[in-house]
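Undergrad: kindly generate the corresponding structure for this input.
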Amino acid sequence: MNVRRSAAALAASAVLCVGAAPAALAAPSPSTPPAPVIPSGLYGKKDPTYDGVWRQSFALLAQNTVGVKPAKEAVDWLAGQQCANGGFASFRADAATACDDKTMFDTNATAMAVQALKATGGRDAVVKKAVDWLKSVQNEDGGWAFVPGTPSEGNSTSIVISALAVAGEKPAEVKSKAGKSAYEGLLAFRLGCAAEPAADRGAFGYQPAPDGKLPADADATAAAVLAGLGQGSVVSPSSTDTPAAAPACPAGAADPAGAAQGAAGYLAETLKKDGHLTAVTPGADQPTADTGNTADAVIALAAAGHEQSAAGALEWLKTNSAEWAKDSPAALATLVLAAHATGTDPKSFGGTDLVTALNATGPAPQTSATAEPKPNASDAKDGGDDSNVWWIVGAGLAAGMGIGVLLSGRRKKNQL
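TA: Here you go, the predicted structure:
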């Protein structure tokens, strides 16, 4: 989820910087930004400006999933971030100050807060207001954008659909003013029979490129699997396990579940190359391992009933995710959810106790996890986030100069 949140922050910075960036670059300020003030109830110690609500939601969701009762102040902090209209911003330093027309609302943060507060319970009114707000900012094409009022994209559409499903809504019945359903909005980002290369067929894209072509995007695809199956981020181990089918020309364009299976096939084939997903980071000449999206792909494949197709990536995560997830609540939480989805013990994940590490990033929980997950084949073999975000702001400034921004996925979800 690291790219998801990076893309979201990049989108926000691009929106904010349009028109203002040239002047800012012409006369840069030599001052060092003040150190962020971290609220006592918030998980993570790094700047929460772009991902405070997001990482908090993942932390609470993961804790709840493994039998940990989160600290009351942590749940209170998350619920207190909601604006009067029901929406959430990425982070509000002063929740006592009312939201206004300058508030940058965040559909991704709102959707994840819905999942977390629904799971922890006792916040039905907050969840309902958030769901109503999400419905109110649905675009006419049936989809959603990270920033309401901007064009729909595959990631946000998927994330919102998953939240709606968790909240008890039927995405096929959630329709825009133009009569387009949430699933119609989602399936518009599916690569069809004309996709080139053919291996991209069945994948989902983030947004069309300037030339109108919709590139396949692993992050959008993983999120679309959950959305198409009507599932949230918490996936229980499946009672059945089959290999994911290789990508093929998609059939049943109006079938979200079928589209989810096609997307799972794309992920499975993509993972076969290196055992993990890759991404190009700013300033890098070559693709690097994308740990966050790899974890999301594992969750998506498990949700689709293809744990064996995720087995190699799961083993790669056990060996290679420690540094990426260190002190990062969203990253640690994502790994906890990946472990849960595959029946793996999160307390012994490649030698790391993910639950203890997650708990240590915020206020002490009320209870500790006691239940152990059921062992599976993966266990037998075994025996987000919070990285620097200033390159995001710089990229947003560049976008303001007209260089342009091509976002390619995530998230949700762990770099900040």
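
Undergrad: distance of residue 158 relative to residue 113?
TA: Separation of residue 158 from residue 113 (C-beta to C-beta, to the nearest Å) stands at 16 Å. Glycine gets a C-beta too; all of them are placed from N, C-alpha and C.

Undergrad: and these two? Which one has more around it.
TA: Shown here are residue 158 and residue 113; by other C-beta atoms under 10 Å, residue 158 has more neighbours (31 against 28).

Undergrad: mind checking how far stretch 209-221 is from the chain centre?
TA: Put simply, stretch 209-221 sits 17 Å off its chain's centre (C-alpha atoms, centre = their mean, to the nearest Å).

Undergrad: what is the mean pLDDT for that stretch?
TA: Averaged across stretch 209-221, pLDDT comes to 95.

Undergrad: so which bits of it are buried?
TA: Using 16 or more other C-beta atoms under 10 Å as the test for burial, stretch 209-221 gives 214, 215, 216, 217, 218, 219, 220, 221.

Undergrad: so what pairs up with the third one in the strands?
TA: Think residue 216. residue 205 (DSSP bridges).

Undergrad: tell me where the stretch 151-300 of the chain has helices.
TA: 154-166, 182-187, 218-228, 256-274, 291-303 (DSSP state H, counting those that start in this stretch).

Undergrad: show me where pLDDT drops low in the stretch 201-350 of the chain?
TA: Within the stretch 201-350 of the chain, the stretches with pLDDT under 70 are 248-253.

Undergrad: what's the burial count for the closest residue to residue 126 other than its chain neighbours?
TA: With C-beta to C-beta, 6 or more residues apart in numbering as the criterion, residue 126 has its nearest non-adjacent residue at 5.0 Å, and that residue is residue 79. Residues within reach of residue 79, counting by other C-beta under 10 Å, total 20.

Undergrad: same check on residue 126?
TA: 20.

Undergrad: now do the same for it: helix, strand or coil?
TA: Under DSSP: H, G, I helix; E, B strand; the rest coil, residue 126 falls in the helix class.

Undergrad: check whether it really touches residue 116, as I assumed.
TA: No - assessed by C-beta atoms under 8 Å, residue 126 is found out of contact with residue 116, at 10.4 Å.

Undergrad: ok, which stretches of the protein are strands?
TA: 278-279, 288-289 (DSSP state E).

Undergrad: in stretch 226-245, which residues are buried?
TA: In stretch 226-245, counting by 16+ other C-beta under 10 Å, buried: 226-235, 237-238, 241, 244-245.

Undergrad: how about those, which pair is most distant?
TA: The two members of these with the most space between them (C-beta to C-beta) are 234 and 245, at 25.0 Å.

Undergrad: just to revisit the earlier point, go through the helices of the stretch 151-300 of the chain and name the closest to residue 44.
TA: Across those, closest to residue 44 is helix 291-303 (C-beta to C-beta), at 14.9 Å.

Undergrad: from the chain's centre, how far out does the closest one sit?
TA: Distance of helix 291-303 from its chain centroid, counting by C-alpha atoms, centre = their mean, is 11 Å.

Undergrad: just to revisit the earlier point, residues in contact with the residue nearest to residue 126?
TA: Counting by C-beta atoms under 8 Å, 6 or more residues apart in numbering, residue 79 touches 117, 123, 126.

Undergrad: tell me the one of those residues nearest residue 317?
TA: Out of these, the member with the shortest distance to residue 317 (by C-beta to C-beta) is residue 117, at 27.5 Å.

Undergrad: wait, that closest one touches residue 123, no?
TA: Yes - under the criterion of C-beta under 8 Å, residue 117 makes contact with residue 123 at 4.2 Å.

Undergrad: can you pull the residues that touch both of the two?
TA: 75, 79.

Undergrad: now do the contacts for residue 278.
TA: Contacts of residue 278 (C-beta under 8 Å, 6+ apart): 287, 288, 289, 290.
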